[in-house]
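Peer 1: show me the folded form of this:
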Amino acid sequence: MFIKTWWTSISILAVLAIGLRFYQLGSLPSGIYWDEVAILVDAKSIANTGFDMHGRPWYQVIYPSYGDYKLPIYLWLAGVSVSLFGTSGWALRLPSALAGLATIALAGYCAYESLRVNSDSKNRWLPWLVAGGTILVVSLSPWSLMFSRTAFEGHLGQAWLALSVALVLTTRKWSLGWYLSPLLGALATYTYFSVRFVWPVVFVALWLWLESVRVSKSSTFPLKLWLKSLGFKLFLPLIIFGVCLVPMARSPLYGDSNRFRLGTDSVLKNETQILQSNVYRELAGNTPIDRVFFHRWWLTGRELLKNYSDNLSLNFLFVSGDPNLRHGTGQFGLFLWPLIPFFIWGWYQLFDKHRGLSLVLVVWWLAAALPASVPENTPHALRTLNALVPLAMVIGTGLGYGVQTLLKTKNFFLKASGLGWVLLFVGVLTAFTYHYFIIYPQTSAEAWQQGYPEVAQTIVKFREGNPVYLESFDDKFYLWLMAYGPYTGAEFKTWPSFKYQFVSFDGIFFSPFPGWDGVLNQSARVVIAGKTEAMEKVMAAQQLVIQKYQEIKDPSGQTKFIVIMADKKLW
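Peer 2: So this is what the prediction gives:
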């Protein structure tokens, strides 16, 4: 009966999870951000020609994209999706939605296997309860749901990382997992750069834990077997992982990609810390001890810990989430707030009864938060995505032990409290779902470049071979024209670009209307597009006879963009 009930509950959760991730997948969020549309352009080009937008082969390990240097795995999967389903937001986001469903299953499996490492006959149903709790958390968390519906490589990368961990946990029965895990870790790294720092740390922590459990169950400590494990279960997989990353390190774009990422503001580049260090030293007397205690490295460490605290805070996790509206709603945390007691209870139970596992989850969490804590912009839900599974496992542990207590107790107050919590959780989940599908499309429209696809499609419709000018509103708008226009990958690679960005193509100029004297070939008809305010000024100042006029509105009904086709006014 227990197993039947468990599978029935999981089936209901699966239907709900699929519905939440696939309902209006291509149109909600209400726009496609430039990182997404850049992937769509390369995927469209790969599907058409086998080359990216710059004419480089599909099998390259670093894509220049629009100058931000993307890794290949998501691009390849998006290329397959676009070739099957056409150039659309739905096809673009399909790999991420599938990764979201896979993460649910992988998180449940990791929780189940982790609890079984230390299971006993008295708690034989506990791993099932913890796995069910973990599945519930990932299925219904705003963190997983929102990133399942967007084409961010980090979400796919964390799914590969979770699969790599799952393979390690199978090694108690299937030793091949030790050698497949680094391959999956490399696959995750070729999906999202930061995994290269996270996977080795998590893998070493898992090896230490599983080996300590094996030694604790053995009456002897054979040095020979331990050295064999050290060589074949730890060093060899790490070597396999390193060898797999050689093609990335040897890519001609590797140096540029590192410089691009290191060029962002971070605690490692904060020059004010040097000035602060000098001021503190002078105020303290500038003795040798002062020069040590007020070294800028200490100030850098302090800033790093501050950023860490932002990414680890309960407020970030359960209350407000990421203020960036592409990474959160601004109204809900990464997990729904009624789960806070189970997060605390889960840590207590783990440290009390599963000390080794608790340390692995702590290390996994801290390692995942490190790449997000070095940049100045914190907290950051995308960069911390590698912590989704371990944190869900902690909350799932709290839920598992909580349900086990309710099943055993005859205390009416406890049972009533459990029912009350279920009603509260359903209420908060309903509030989040309503906010995300009804309110969020309006509040986040600007963050998602809402209206850009419609502008691109209207330009194509109005064009009729005439020159096009854009009243500057986004220097990457050419990506939407490449994605939604009638162009193919074969045409992309013939267009001139500067630092991997296109400045004009096919008579379309990404610059303001220069007046009739500056129009290409002295054409008497042009298409002009831009934001409402800029377009109203152009139409008032220039000698235009408008032949076609189209307004693109935002979700609130306000006119956001105007596209016109106009003739020259003749006096």
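Peer 1: mind listing the strands the helix or strand that contains Tyr469 pairs with, and their directions?
Peer 2: Applying DSSP states H and E as the criterion places Tyr469 in strand 468-470. Under the criterion DSSP bridges, strand 468-470 sits next to strand 508-509 (parallel), strand 525-531 (parallel) in its sheet.
Peer 1: what's the first helix or strand after it?
Peer 2: Following strand 468-470 in sequence order, the next helix or strand is helix 478-484 (DSSP H and E).
Peer 1: hang on, the earlier thing: would TSV of the strands paired with strand 468-470 with mean neighbour count and distance to Leu129 be doable?
Peer 2: C-betas here are computed from N, CA, C, even on glycine. Putting those into TSV (neighbours: other C-beta atoms under 10 Å; distance: least, C-beta to C-beta, whole Å) gives the following:
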stretch	mean neighbour count	distance to Leu129
strand 508-509	19	59
strand 525-531	22	54
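Peer 1: out of the ones you listed, which comes closest to Ala205?
Peer 2: strand 525-531 (50.4 Å; C-beta to C-beta).
Peer 1: pull out the buried positions in the next helix or strand after the closest one.
Peer 2: Next helix or strand after strand 525-531 toward the C-terminus (DSSP H and E): helix 532-541. By neighbour count on 16 or more other C-beta atoms under 10 Å, the buried set for helix 532-541 is 534-535, 538.
Peer 1: can you check stretch 470-480 too?
Peer 2: With burial defined by 16+ other C-beta under 10 Å, the residues of stretch 470-480 counted as buried are 470-471, 473, 476-480.
Peer 1: what's the span of it, first residue to last?
Peer 2: End-to-end distance of stretch 470-480: 13 Å, with C-alpha to C-alpha, to the nearest Å as the criterion.
Peer 1: identify the farthest-apart pair in the buried residues of stretch 470-480.
Peer 2: Spatially, the most separated pair among those is Glu471 and Leu479, at 17.5 Å (C-beta to C-beta).
Peer 1: could the buried residues of stretch 470-480 be laid out in a markdown table, adding distance to Gly55 and pLDDT?
Peer 2: As requested, the buried residues of stretch 470-480 are exported to a markdown table (distance: C-beta to C-beta, whole Å; pLDDT from 0 to 100):
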| residue | distance to Gly55 | pLDDT |
| --- | --- | --- |
| Leu470 | 24 | 93 |
| Glu471 | 30 | 89 |
| Phe473 | 28 | 79 |
| Lys476 | 19 | 91 |
| Phe477 | 21 | 93 |
| Tyr478 | 16 | 93 |
| Leu479 | 16 | 95 |
| Trp480 | 20 | 95 |
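Peer 1: and after the longest helix seen in the chain, which helix or strand comes next?
Peer 2: For the chain, the helix that runs over the most residues, judged by DSSP state H, is helix 89-117. As assigned by DSSP H and E, the chain's next helix or strand after helix 89-117 is helix 126-140.
Peer 1: which neighbouring elements make contact with that next one?
Peer 2: Counting contacts by 3 or more C-beta pairs under 8 Å, 6 or more residues apart in numbering; DSSP states H and E, helix 126-140 is packed against helix 2-22, helix 89-117, helix 388-408.
Peer 1: go through the second one and flag the buried ones.
Peer 2: Translated: helix 89-117. Of the residues in helix 89-117, those buried by neighbour count under the rule 16+ other C-beta under 10 Å are 89, 91-117.
Peer 1: do stretch 76-89 as well
Peer 2: For stretch 76-89, the neighbour count (16+ other C-beta under 10 Å) marks 76-82, 87-89 as buried.
Peer 1: so which of the residues you listed are in helices?
Peer 2: Applying DSSP H to the buried residues of stretch 76-89, the entries found in helices are 76-82, 89.
Peer 1: now the strands for this protein?
Peer 2: 468-470, 497-498, 501-502, 504-505, 508-509, 525-531, 544-553, 559-568 (DSSP state E).
Peer 1: what would those strands look like in CSV with distance to Val243?
Peer 2: Below are those laid out as CSV (distance: least, C-beta to C-beta, whole Å):
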stretch, distance to Val243
strand 468-470, 47
strand 497-498, 34
strand 501-502, 34
strand 504-505, 41
strand 508-509, 45
strand 525-531, 50
strand 544-553, 50
strand 559-568, 50
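Peer 1: Ala490: which of those is closest?
Peer 2: Nearest of the strands of the chain (C-beta to C-beta): strand 504-505, 13.0 Å.
Peer 1: gap between that closest one and the chain center?
Peer 2: Chain-centre distance of strand 504-505: 31 Å, with C-alpha atoms, centre = their mean, to the nearest Å.
Peer 1: direction included, what does that strand pair against?
Peer 2: Paired neighbours of strand 504-505 in the sheet (DSSP bridges): strand 508-509 (antiparallel).
Peer 1: now what about the partner strand, what contacts it?
Peer 2: Residues outside strand 508-509 that contact it (C-beta atoms under 8 Å, 6 or more residues apart in numbering): 459, 467-470, 478, 481, 520.
Peer 1: same check, this time on stretch 15-22
Peer 2: By C-beta under 8 Å, 6+ apart, the surrounding residues in contact with stretch 15-22 are 97, 100-101, 104, 139-140, 145, 148-149, 433.
Peer 1: and with 6 Å instead?
Peer 2: Here stretch 15-22 makes contact (C-beta atoms under 6 Å, 6 or more residues apart in numbering) with 97, 100, 104, 139, 145, 148.
Peer 1: could you do stretch 49-59 as well?
Peer 2: By C-beta under 6 Å, 6+ apart, the list of residues contacting stretch 49-59 from outside reads 41-42, 45-46, 63-64, 489-490, 492-493.
Peer 1: with just CA atoms, put stretch 85-98 into CSV.
Peer 2: Extracted as CSV, the C-alpha positions of stretch 85-98 are listed here (Å, rounded to 0.1, in the frame of the first residue of the first chain):
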residue,chain,number,x,y,z
PHE,A,85,10.0,22.0,-34.7
GLY,A,86,11.0,25.2,-36.6
THR,A,87,12.4,28.5,-35.5
SER,A,88,10.3,29.4,-32.4
GLY,A,89,10.6,30.3,-28.8
TRP,A,90,9.0,26.9,-28.0
ALA,A,91,11.7,25.0,-29.8
LEU,A,92,14.4,27.1,-28.3
ARG,A,93,13.2,26.5,-24.7
LEU,A,94,12.4,22.8,-25.2
PRO,A,95,15.8,21.5,-24.0
SER,A,96,15.6,23.5,-20.8
ALA,A,97,12.0,22.3,-20.1
LEU,A,98,13.2,18.7,-20.6
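Peer 1: what mean pLDDT does it get?
Peer 2: Averaging pLDDT along stretch 85-98 gives 96.
Peer 1: now swap in stretch 495-515 and tell me
Peer 2: For stretch 495-515, mean pLDDT is 90.
Peer 1: which of the contacts of strand 508-509 are buried?
Peer 2: Buried members of these, counted by 16+ other C-beta under 10 Å: 459, 467-470, 478, 481.
Peer 1: max pairwise distance over the contacts of stretch 15-22: which two?
Peer 2: Pairwise distances across these peak at 13.1 Å for Ala97 and Ser139 (criterion: C-beta to C-beta).
Peer 1: for the residue lying closest to Pro486 once chain neighbours are set aside, grab the count of nearby residues.
Peer 2: Leaving aside its chain neighbours, Pro486 sits nearest to Val460 (6.4 Å; criterion: C-beta to C-beta, 6 or more residues apart in numbering). Neighbours of Val460 under the rule other C-beta atoms under 10 Å: 17.
Peer 1: go on, Gln542?
Peer 2: For Gln542, the neighbour count with other C-beta under 10 Å is 15.
Peer 1: quick check: Met53 vs Lys44, distance?
Peer 2: Distance, Met53 to Lys44, using C-beta to C-beta, to the nearest Å: 8 Å.
Peer 1: circling back to that earlier point, can you check which of the strands of the chain gets nearest to Thr191?
Peer 2: strand 501-502 (23.9 Å).
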